[in-house]
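In: Could you work out the structure for the sequence below:
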Amino acid sequence: MIENPEPLKPTGIMIKMIIVSAIVIVAIGAVAYRSFAVIPFALGVFASAGLNILKLRMLERTVQKVINMENQETGKNLVRLQYHLRYILTGVVLVAIGLIDNFTTPPIVEGSRSYFAAWAAIFPNGPASLLSAPLISVWGAILGIFTMQLSVIMIRFMKPEKDGTNFIKYEDDDELEFSDDADKELIEDNISVDVVNDTNKEQ
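Out: Numbering: from 1, shown residues only. Below you'll find the predicted structure:
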């Protein structure tokens, strides 16, 4: 029996919270839809949740590189570049999902515009609620973006024992020094500086 397990990395618990948040959103969507149309909605939610996980990994690697840099200005520029890249990536994914939603949704009036009936091609005899839905829901994707914020809120409500096996910062813990600009970039990405600091300490 292992008495002193290795502390869980901040990104590890964040990823778990993102997945839990996505499942909660899908569950609420299932209650709202009460039909097979929740499937495209769920695909949108999990697509955005996966994007958030990717962005979280990108942020972790960026912080690791910045910590090892001697030139602080170069580190600040790298953080700023990654910050913009993550926002661009989010925009590209949402636009792509929006286009898929638009071109796979059957028109209200038959023949009003061309479209690819994705679910009809996959399940020719499927339920009407699914056949009239897009392949992936842009509304699900938009709500899925908020899994990052929800995961941060869930972590803030966690109150683990201060036994050295958790990563959540306490007020009397030592903090690594970051520049104000770098801190601002990290906070704007909804990842607390406390969590990032502990990520660096465990590497």
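
In: ok, for Ile155, nearest residue in space, not its chain neighbours?
Out: Nearest residue to Ile155, sequence neighbours excluded (Cβ to Cβ, 6 or more residues apart in numbering): Met17, at 6.0 Å. Every C-beta, even on glycine, is put in place using the N, C-alpha and C of the backbone.

In: quick one, longest helix in this protein?
Out: When the chain is scanned for its longest helix (criterion: DSSP state H), the result is helix 72-103.

In: Could you name the helices and strands sitting against the helix or strand that comes right after that helix?
Out: Once helix 72-103 ends, the next helix or strand along the chain (criterion: DSSP states H and E) is helix 118-122. Packed against helix 118-122 by the contact rule (3 or more Cβ pairs under 8 Å, 6 or more residues apart in numbering; DSSP states H and E) you find helix 128-131.

In: And the strands in this structure?
Out: Assigned by DSSP state E, the chain shows no strands.

In: Thr147 contacts Val26, correct?
Out: No - contact criterion Cβ atoms under 8 Å: Thr147 and Val26 do not qualify, at 10.4 Å.

In: Comparing the two, which residue is more hemmed in?
Out: Between Thr147 and Val26, Thr147 has the larger neighbour count (other Cβ atoms under 10 Å), namely 26 against 22.

In: any idea how far Ile39 is from that one?
Out: 18 Å (Cβ to Cβ, to the nearest Å).

In: what's the answer for Ser129, then?
Out: Using Cβ to Cβ, Ser129 is found at 9 Å from Ile39.

In: what's the answer for Leu89, then?
Out: For Leu89 relative to Ile39 (Cβ to Cβ), the value is 25 Å.

In: These two - which one has more neighbours?
Out: Each of Leu89 and Ile39 has its neighbours counted (other Cβ under 10 Å); Ile39 has more, 22 against 14.

In: Flag the shaky bits of the chain, pLDDT-wise.
Out: Residues of the chain that meet the criterion pLDDT under 70 lie in 1-10, 108-115, 159-203.
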